[in-house]
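Chemist: sequence? don't have it. structure:
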């Protein structure tokens, strides 16, 4: 492969949201040309990429046309046209993560089957084609409440996930192919991000502890490092690395886990790309997840994943009841707080619980970072 840095090398990125924006920023630090495809003309990466192309990364012809003069393809979202990236890989264009990984991970049913067949601990599950099949198994006693339903395709940022705890919740069942898995009460959720390059070199970041918004069912904040035992952290790290190796993945893999009340780990799901649970690494780690992804796909040695200091990442979400041109309230007050680093994604329109940005809050101790993060969440408001 020709030199990527300070050359005419062209890296294509399918998806231009906030992850694509931050990946472009990391690539820019190394003088790498980035070409981004996204359907939104105001996508977060549109003003950052070397070249931005408006178009659907889900459309076969659009992806094929986009990739004509590119040297490598990567992604910031799983829901790309899988047939197109498979053909591009077959034609000799490097695609990372590989389409074989995407085929498994984009489908939550295949993902679960992959864990089960590779002796990776995950919750018990069943696959269904319709809500009627779920109701039939409930009636026959094969299935009982509570459980979690996830759509097999197109779920993202809490969408396509339903926790069914009582009979009234059954009215909300998704009538599409889905998986149903055991509900783990009072589970602690953590995530481990690992990288794997073309030579098989791996590295892992310290586990982070996730806190979810109870209404939107997406991550509201996370704490790095997670408040778990060193034994449990090592076990999670080993499972994340094993998952990446079994997939033969090149790039980043974010693996989310449940920890039950007995301290047992279960893999929830994984994402083969930079991830929300790694935003904090830009300021808190020696190597950001975005640089680590570039190192992996270009075949460079992985960078250090050591944390410089404890951090809390808080997602800046659109306020409930607000739709329209975004207005940030409390911005100046937050900016005067020591150790608070803001990232605004450039989305002009807000809506309830839309990810508009994030703040990384640094502290000398996890407790200090948590205290300041609570203040940030109370102070910074996203309105319209």
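Modeler: Sure thing, it's come through. Keep in mind that this is a model prediction, so the values were computed, not measured.
Chemist: Looking at strand pairing, list the partners for residue 252.
Modeler: With DSSP bridges applied, residue 252 shows beta-bridge pairing to residue 195.
Chemist: Near residue 90, how many residues? Count them for me, please.
Modeler: Neighbour count of residue 90, defined by other Cβ atoms under 10 Å: 10. In this view, the C-beta of every residue, glycine as well, is placed from N, C-alpha and C.
Chemist: typed the wrong thing, it's residue 327
Modeler: 13.
Chemist: which helix is the longest one in the protein?
Modeler: When the chain is parsed with DSSP state H, its longest helix is helix 230-247.
Chemist: which parts of that helix are buried?
Modeler: Buried residues in helix 230-247, counting neighbours by 16 or more other Cβ atoms under 10 Å, are found at 232, 233, 235, 236, 237, 239, 240, 241, 242, 243, 244, 247.
Chemist: Who are the packing partners of the strand or helix carrying residue 116?
Modeler: Assessed by DSSP states H and E, residue 116 sits inside helix 108-117. In terms of contacts (3 or more Cβ pairs under 8 Å, 6 or more residues apart in numbering; DSSP states H and E), helix 108-117 is packed against helix 99-105, strand 125-128, strand 178-182, helix 230-247, strand 265-271.
Chemist: Of all these, which one is nearest residue 196?
Modeler: Among those, helix 230-247 comes nearest to residue 196, with 4.7 Å by Cβ to Cβ.
Chemist: Identify the residues contacting the helix or strand hosting residue 37?
Modeler: Using DSSP H and E, residue 37 sits within strand 33-38. Residues external to strand 33-38 that are found in contact with it (Cβ atoms under 8 Å, 6 or more residues apart in numbering): 8-17, 20, 23-24, 27-28, 43, 45-46, 48-55, 57, 62-63, 66, 70.
Chemist: out of those, which are buried?
Modeler: With neighbours counted by 16+ other Cβ under 10 Å, these contain buried members at 9-17, 20, 23-24, 27, 43, 45-46, 48-49, 52-53, 57, 62-63, 66, 70.
Chemist: Give me the subset of the contacts of strand 33-38 lying in helices.
Modeler: Using DSSP H, these in helices are 20, 23, 24, 27, 28, 62, 63, 66.
Chemist: Could you point out which of those residues is nearest to residue 153?
Modeler: residue 63 (17.3 Å).
Chemist: Let me see the contact set for residue 333.
Modeler: 379, 380.
Chemist: Assumed it was part of a helix.
Modeler: Yes. With DSSP: H, G, I helix; E, B strand; the rest coil as the criterion, residue 333 is located in a helix.
Chemist: Roughly how far does it sit from residue 381?
Modeler: Distance of residue 333 to residue 381, given as Cβ to Cβ, to the nearest Å: 11 Å.
Chemist: got it, and residue 12?
Modeler: Counting by Cβ to Cβ, the gap from residue 12 to residue 381 is 37 Å.
Chemist: Show me what the closest residue in space to residue 70 that isn't next to it in sequence is bridged to.
Modeler: For residue 70, ignoring the flanking residues on the chain, the nearest one in space by Cβ to Cβ, 6 or more residues apart in numbering is residue 12 at 4.0 Å. Going by DSSP bridges, residue 12 is paired in beta bridges with residue 35, residue 73.
Chemist: so where's the stretch 101-250 of the chain shaky on pLDDT?
Modeler: Scanning the stretch 101-250 of the chain for pLDDT under 70 picks out 155-158, 213-219.
Chemist: Please enumerate the strands of the stretch 251-384 of the chain.
Modeler: Counting by DSSP state E, counting those that start in this stretch, the stretch 251-384 of the chain has strands at residues 251-259, 265-271, 311-317, 324-325, 327-329, 340-344, 349-350, 355-362, 381-383.
Chemist: which of those is buried the deepest?
Modeler: Burial of those is given as mean neighbour count (mean count of other Cβ atoms under 10 Å); strand 311-317 ranks first at a mean of 26.
Chemist: angle of it against strand 340-344?
Modeler: Angular relation of strand 311-317 and strand 340-344 on a 0 to 180 degree scale: 30 degrees, by axes from the mean of the first three to the mean of the last three Cα atoms, to 10 degrees.
Chemist: pLDDT on strand 311-317, on average?
Modeler: Mean per-residue pLDDT for strand 311-317: 95.
Chemist: Can you pull out the residues in contact with it?
Modeler: 208, 213, 216, 218-224, 276, 279-280, 283-284, 342, 344, 352-363, 366, 369-370, 372-373, 376-377, 380, 382.
Chemist: Direction included, what does that strand pair up with?
Modeler: Strand 311-317 pairs in its sheet with strand 219-224 (antiparallel), strand 355-362 (antiparallel), by DSSP bridges.
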